[in-house]
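Colleague: Any chance you could fold what I've pasted below:
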Amino acid sequence: MAFGIAVLGLDHWYTAFGVLDICAASAETPLLSIYEPDAARRAEVSAAYPHAFVTDSAEAALAVPGVELAAICAKTGDAVRLSKQSLNAGKHVVSVKPFARTREEAEDVLRVAALSSRFFGSFEGMQRLQPRAETLRDLIASGIIGDVIAFHQVGHGPLPAPWRGAENGKPSWWIDAEQVPGGAWIDHAIYAVDLARFALKGEITAATGTLANRVHKHLSVEDYGAAILTLTPDAEHRPPVTLNITDTWCTEPGSGYSEYRILGTRGTITADGGNAWVVQTKDGKTRHEWESGAYFRFGGLATILQNGGTPPFTASDAQSNLVACLQVYGL
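Modeller: Just a heads-up that it's a prediction; the model follows:
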């Protein structure tokens, strides 16, 4: 049975167009409706996705027969309302990241999710359905690099663009402190926090960092962040892991850089592009490729939910990821 998708809001267009393309091509998780308040954007997606119902009413988008899940790609400032509206309408929800601006907003969404008995998660958790995350988790669990002592992530990129084809750095919700809890650091660090919690099977127990405007002094949010977080593994015999997470909006378009590096007592694991983890030990290097495919695997999520299972990411994970990041901001 098809598991229909409604996309609510297009502000996070980097995510939104990925979801739209994947679901428009899927018989299993078809794109059924799109809510977007901006008329020009509605016209653009109406032409690009003619089989979807496009509307300026979130209620109407959710009411389309067959819609089972709302993929919320609206700005964080609107996501709390849309998440609660969708849950109250009986829909499962995957929300934009970060899914709330404050702990109080997050708790409010989770209360509604619990009462609705519907699934709620945030988009950073979707990576747990990918072989990339599962492969890393399995490598760490195998003990091939011994006990993990440090987890490094770097994301060095330009200011976001407000819309596809628009100029980077023009006014957008990403750089509006009224709409988001933070800027460059949380924008990508939340993915690293989620991956570390999943792959290392632990929780963040301490967090601190440096947040600054190194290049774009006019912004109301930071363009540079470097944080040190402590992850305490669930397994008591494992030592704490230091997360070193640096994310910026300080470079020009086309010159970005990203890195993952995991340090262990017997070796290291590094990401090699978008299709392999490379393990380095005293015995040499081994390459562990994962299956390529769509970044957002709604088909896998739909199968789990339709069969009454528990997805590998939950409302609690969304909250834990957000709270860990908010600690770096002193919030």
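Colleague: Who are the packing partners of the helix or strand hosting residue 186?
Modeller: In this structure, residue 186 sits in helix 184-200 according to DSSP states H and E. Counting contacts by 3 or more C-beta pairs under 8 Å, 6 or more residues apart in numbering; DSSP states H and E, helix 184-200 is packed against helix 131-142, strand 148-156, strand 202-212, strand 224-233, strand 241-248, strand 257-264, helix 315-328. Every C-beta, even on glycine, is put in place using the N, C-alpha and C of the backbone.
Colleague: for the record, mean pLDDT for it?
Modeller: What helix 184-200 shows for mean pLDDT is 99.
Colleague: again, but for stretch 251-265
Modeller: Averaged over stretch 251-265, pLDDT sits at 97.
Colleague: And for stretch 118-131?
Modeller: pLDDT averaged over stretch 118-131 gives 97.
Colleague: Against residue 214, how distant is the closest residue in space to residue 225 that isn't next to it in sequence?
Modeller: With C-beta to C-beta, 6 or more residues apart in numbering as the criterion, residue 225 has its nearest non-adjacent residue at 2.5 Å, and that residue is residue 185. Residue 185 is 12 Å from residue 214, where distance means C-beta to C-beta, to the nearest Å.
Colleague: who has more neighbours, these two?
Modeller: Shown here are residue 185 and residue 214; by other C-beta atoms under 10 Å, residue 185 has more neighbours (28 against 13).
Colleague: Make CSV out of the helices and strands packed on helix 184-200 and add distance to residue 58 and mean neighbour count.
Modeller: CSV is the format used below for the helices and strands packed on helix 184-200 (distance: least, C-beta to C-beta, whole Å; neighbours: other C-beta atoms under 10 Å):
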stretch, distance to residue 58, mean neighbour count
helix 131-142, 31, 18
strand 148-156, 31, 20
strand 202-212, 33, 16
strand 224-233, 32, 20
strand 241-248, 31, 22
strand 257-264, 34, 17
helix 315-328, 20, 22
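Colleague: Surely the residue nearest to residue 225 and residue 229 touch.
Modeller: No. If you go by C-beta atoms under 8 Å, residue 185 and residue 229 don't touch, sitting 11.5 Å apart.
Colleague: tell me, what's touching those two both at once?
Modeller: 245, 328 (C-beta atoms under 8 Å, 6 or more residues apart in numbering).
Colleague: so where do the helices sit in the stretch 51-200 of the chain?
Modeller: In the stretch 51-200 of the chain, the helices defined using DSSP state H, counting those that start in this stretch lie at 58-62, 76-88, 103-116, 131-142, 184-200.
Colleague: Quick one: closest of the ones you listed to residue 312.
Modeller: Nearest to residue 312, of all those, is helix 184-200, at 7.2 Å by C-beta to C-beta.
Colleague: and the nearest residue to residue 128 once chain neighbours are set aside, how many neighbours?
Modeller: Leaving aside its chain neighbours, residue 128 sits nearest to residue 312 (4.1 Å; criterion: C-beta to C-beta, 6+ apart). Counted with other C-beta under 10 Å, residues neighbouring residue 312 total 19.
Colleague: tell me the secondary structure for residue 312?
Modeller: Recorded secondary structure, residue 312: coil (DSSP: H, G, I helix; E, B strand; the rest coil).
Colleague: Got the domain ranges for this structure?
Modeller: Taking automatic domain parsing as the domain assignment, the ranges for the chain are 4-126, 131-294.
Colleague: To residue 305, which of these lies closest?
Modeller: domain 4-126 (5.8 Å).
Colleague: what about the closest one, start to end distance?
Modeller: Its start and end residues considered, domain 4-126 measures 17 Å (C-alpha to C-alpha, to the nearest Å).
Colleague: Many thanks, we can stop here.
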